[in-house]
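**Student:** need a structure here:
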Amino acid sequence: AFFGRPARQRARSFSHVPYQRTGASLLPDFKLPFPTRLSPALEQSRVDTVAWGHRMGLLVPQPGVPGSDVWDEEALAGYDFPLCAAGLHPEADLEELNLASQWLTWGTYGDDYYPAVFGRTRNFAGAKLCTDRLRDFMPVEQPSAGPVPTSALERSLADLWVRTASAMPEKARREFRQTIEVMLDSWVWELDNQSLGRIPDPIDYMEMRRATFGSDLTMSLCRLRHGNIVPEEVYRSGTVQAMEKAVSDYGALINDVFSYQKEVEFEGEIHNAVLVTQNFFDCDYPTGLAYVDALMNARLEQFEHIVAHELPVLYEDFQLDGAARKVLDGYVRQLENWLSAILTWHRGCKRYKEEDLSHHSPGVRRVIEAAPRGIGPNGLGASSLGTAAARVFAGG
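**Tutor:** Numbering: from 1, shown residues only. From the prediction side, this is the model:
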């Protein structure tokens, strides 16, 4: 087990040199057949979401917290989370769209904040303390009974939790809180993995990617209107779980192919499916992308197969009435919206193109200044094993 190909794979997992030039991200021919529809409240939500970011304190450095100037107003406006939310929820009114847009804002801010604040200094104790504190802002019994926030990340979560959970029954609150906790724990996992300089294997990566991408959170928001019409055991069935995982994987891989240059060249990041595939198969970038594209197409085909052939069997097995079947058929449309919205957002936002990176992200600008691409942050050359362990962290 310590020699031959497995040993070479382990060595590659720890020997990746960060900040290598990649050029613009290569994109496959996405085969999504689902059209994108947008909520008519989009334009006002864009204004409201930037204003919310200011009120929550997301657009300024946190007092006494080095590296916390991860976003400014230009960055948030360019990221355009309302565009994504408007596609996820094309029938949403302004209040609903603002809530969805601001959840996307909070989740992405946290995903950028953790590596910028805790990763660069390897402050894992601080990351754990921050995570434990965030849990306190999601009380199940009384949603408004959380502690007094001391940071923008806490303040924005407290605001969103009260607005979302107050209208939920307690059981739904508990389940919704769990989806957020899964995402929080995944941020810590990424920090730990990054500190080791270890590129994960594809199976571990895809399991965790569903959490780091926030799939459970956003899908939970899609299900808020379902009420109690569909029995819980139906959502927990293998058929529905497989359908959701197929959609989640496709959406996360959309993000990875768009963000390849941002993460690999600009941020020294190792949590990217294309890089994971390159490392595992010892292949170049275009070949790694081809593998990922094949996986995306397979997951899309699985989703379509489940909808066409397995859901009808599920309806019969659970003897679902017309109302429950209508809700689940609507959920399929929501998942189709979920996929098309994510692709539309990646094409339209200012977060992943090279010309956007140096202008719209304070965190990325710091990395460019601190560690020239192609050279590790310890100044060693491309063959140095120590380079991977000394990387400077930025947002994900």
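**Student:** how about residues contacting stretch 329-348?
**Tutor:** 30, 32, 34-37, 80-81, 83-90, 218-219, 222-223, 226, 243-244, 247, 250-251, 254-255, 258, 300, 303, 307, 311, 352 (Cβ atoms under 8 Å, 6 or more residues apart in numbering). Where C-beta positions appear, they are placed from N, C-alpha and C, glycine not excepted.
**Student:** please list only the buried members of these.
**Tutor:** Buried members of the contacts of stretch 329-348, scored by 16 or more other Cβ atoms under 10 Å, are 30, 32, 36, 80-81, 83-90, 218-219, 222-223, 226, 243-244, 247, 250-251, 254-255, 258, 300, 303, 307, 311, 352.
**Student:** filter the residues you listed down to the ones in strands?
**Tutor:** Of the buried ones among the contacts of stretch 329-348, none are assigned to strands by DSSP state E.
**Student:** buried set for the helix or strand His305 falls within?
**Tutor:** Using DSSP states H and E, the element containing His305 is helix 285-305. In terms of neighbour count (16+ other Cβ under 10 Å), helix 285-305 has its buried residues at 285, 288-293, 295-296, 299-300, 302-303.
**Student:** and which of those is nearest Leu357?
**Tutor:** When the buried residues of helix 285-305 are compared for distance to Leu357 (Cβ to Cβ), Tyr285 wins out at 17.9 Å.
**Student:** ok, now which ones touch the closest one?
**Tutor:** 22, 26, 260, 274, 278.
**Student:** roughly how far does it sit from Leu253?
**Tutor:** Per Cβ to Cβ, to the nearest Å, Tyr285 is found 15 Å from Leu253.
**Student:** just His271 next, same as before
**Tutor:** Distance of His271 to Leu253, computed by Cβ to Cβ: 13 Å.
**Student:** got the CA positions of the helix holding His305 in CSV?
**Tutor:** Listed in CSV are the C-alpha atoms of helix 285-305, where the atom choice follows Å, rounded to 0.1, in the frame of the first residue of the first chain:
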residue,chain,number,x,y,z
TYR,A,285,-6.5,20.8,-17.2
PRO,A,286,-8.4,20.1,-20.4
THR,A,287,-8.5,16.4,-19.7
GLY,A,288,-9.6,17.0,-16.1
LEU,A,289,-12.4,19.3,-17.4
ALA,A,290,-13.5,16.6,-19.8
TYR,A,291,-13.9,14.1,-16.9
VAL,A,292,-15.9,16.7,-14.9
ASP,A,293,-18.1,17.4,-17.9
ALA,A,294,-18.8,13.7,-18.3
LEU,A,295,-19.8,13.5,-14.7
MET,A,296,-22.1,16.5,-15.0
ASN,A,297,-23.8,15.0,-18.0
ALA,A,298,-24.2,11.7,-16.1
ARG,A,299,-25.8,13.4,-13.1
LEU,A,300,-28.2,15.3,-15.4
GLU,A,301,-29.2,12.1,-17.1
GLN,A,302,-29.7,10.5,-13.7
PHE,A,303,-32.0,13.3,-12.7
GLU,A,304,-34.0,13.1,-15.8
HIS,A,305,-34.3,9.3,-15.5
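**Student:** what average pLDDT does it get?
**Tutor:** For helix 285-305, mean pLDDT is 97.
**Student:** ok, stretch 61-71 next?
**Tutor:** The pLDDT scores in stretch 61-71 average 95.
**Student:** buried ones in it, by neighbour count?
**Tutor:** 62, 65, 67-71.
**Student:** how about stretch 181-200?
**Tutor:** Within stretch 181-200, the residues scored as buried using 16+ other Cβ under 10 Å are 181-184, 186-191, 193-194, 197-200.
**Student:** ok, back up a step: which ones among the buried residues of stretch 61-71 map onto strands?
**Tutor:** Assigned to strands by DSSP E, none of those qualify.
**Student:** widest-spaced pair of those?
**Tutor:** Pairwise across those, and taking Cβ to Cβ, the largest span is found between Val65 and Trp71, at 13.5 Å.
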